[in-house]
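> Make a model of this:
(chains A and B)
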Amino acid sequence: MITVPISFFLIIYFIILAVLAIFFAVNFFHIVFTGTNTFSSFIATLFVVASVALILFGTWYFLRGIDWSQTITVWDSSWFGQSTDNVF
Amino acid sequence: MNVAKLFNQKGYEKVEYIIRRHWVTFVPIIMFLVVLAILPLGVYFLLLNSLNKYLQNQIYYAAGVLLAGIYYLSIILFFYAYFTEFHLDLWIVTNDRLLDIQQKTLFARTVSEVDLYQIQDVTSEVHGIVPSIFNYGNIILQTAGAVPKFTFRNVADPHKLRQEILALASEDKKFHEHP
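Residues are numbered from 1 along each chain as shown, chains lettered A, B, ... in the order given. This is a model prediction of the structure:
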């Protein structure tokens, strides 16, 4: 049986978050470095920053009470019946 | 707006127009993203009774919240990427030349240019109900330059813009005929 703490979910979440942050930065610097800052690009960027802040806050808010030391079973031979235990 | 970073502006050159696609063409993608954003909420409320027993379990609950966070961040990222593409897809008309800057994807940009005096024929077209209501359409320019055809897609007031480009081209031709 293989078990992992659910904080493993958090690690995956932060890795994906880092990838998304890179893409956000690429978009932002595309607008800034091409010198095409306008009112509409400012509003769009503001909307994006506010939305991201809201989503991150919401995620933190809904996960406040979670005990991250709990474990989850990712592999158990009994899922496939007795046969795998008796192979050898 | 300083667009000098997109092209090397000559000393005597004056930017006459910076043209982008009409904002109405951005609306369908916003509607699509709104639907994508509402979809999980709709599914959640529809399946509330059956999902409830899973959400009592902290592990499923935590996984669900993290997944929802990633999902909504991806929607926002998609919006921003599309906006950047929309924003950087532009046409610049100066008193000397015309630049077509196409932001095809986030990492692919094409810049073509033609001198105004090389413009031979300009066509403007407005097709469809929505373009007619909001007065946007395409301008097609035939040129004698290396790029034989330029298309301004979904720009506002194309008929008026066509006339103004023709007037600028006519001015530039005078300059090149009698330098």
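
> Which parts of the host helix or strand of B:Tyr72 count as buried, going by neighbours?
Here B:Tyr72, judged by DSSP states H and E, is contained in helix B:58-88. Buried residues in helix B:58-88, counting neighbours by 16 or more other C-beta atoms under 10 Å in any protein chain shown, are found at B:61-66, B:68-70, B:72-73, B:75-77, B:79-88. In short, each C-beta sits where N, CA and C put it, glycine included.

> next one: that helix to chain centre, how far?
Offset of helix B:58-88 from its chain centre (C-alpha atoms, centre = their mean, to the nearest Å): 22 Å.

> Check stretch A:30-38 too.
That offset, for stretch A:30-38, works out to 28 Å (C-alpha atoms, centre = their mean).

> could you give me the average pLDDT of that stretch?
In this model, stretch A:30-38 has an average pLDDT of 82.

> Would you work out how far apart the start and end of it are?
Its start and end residues considered, stretch A:30-38 measures 13 Å (C-alpha to C-alpha, to the nearest Å).

> Repeat that for stretch B:126-140.
End to end - C-alpha to C-alpha - stretch B:126-140 spans 11 Å.

> Identify the residues contacting the residue positioned nearest the centre of chain A.
Against the mean C-alpha coordinate of chain A, by C-alpha atoms, centre = their mean, the closest residue is A:Tyr13 at 2.5 Å. When contacts are counted by C-beta atoms under 8 Å, 6 or more residues apart in numbering or on different chains, A:Tyr13 touches B:66, B:69-70.

> What of B:Ile76?
Neighbours of B:Ile76 in contact, by C-beta under 8 Å, 6+ apart: A:48, A:51-52, A:55.

> about what we covered before: just send the contacts of A:Tyr13 back as JSON lines, with distance to B:Asp157 and pLDDT too.
Output for the contacts of A:Tyr13, formatted as JSON lines (distance: C-beta to C-beta, whole Å; pLDDT from 0 to 100):
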{"residue": "B:Leu66", "distance to B:Asp157": "47", "pLDDT": "94"}
{"residue": "B:Gly69", "distance to B:Asp157": "43", "pLDDT": "95"}
{"residue": "B:Ile70", "distance to B:Asp157": "42", "pLDDT": "96"}
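
> Reformat those as JSON lines; add distance to B:Asn57.
Shown next, in JSON lines, are these (distance: C-beta to C-beta, whole Å):
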{"residue": "B:Leu66", "distance to B:Asn57": "14"}
{"residue": "B:Gly69", "distance to B:Asn57": "18"}
{"residue": "B:Ile70", "distance to B:Asn57": "20"}
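
> just those that are near chain A?
With C-beta under 8 Å from any C-beta of the partner chain as the criterion, the subset of these in contact with chain A comprises B:66, B:69-70.
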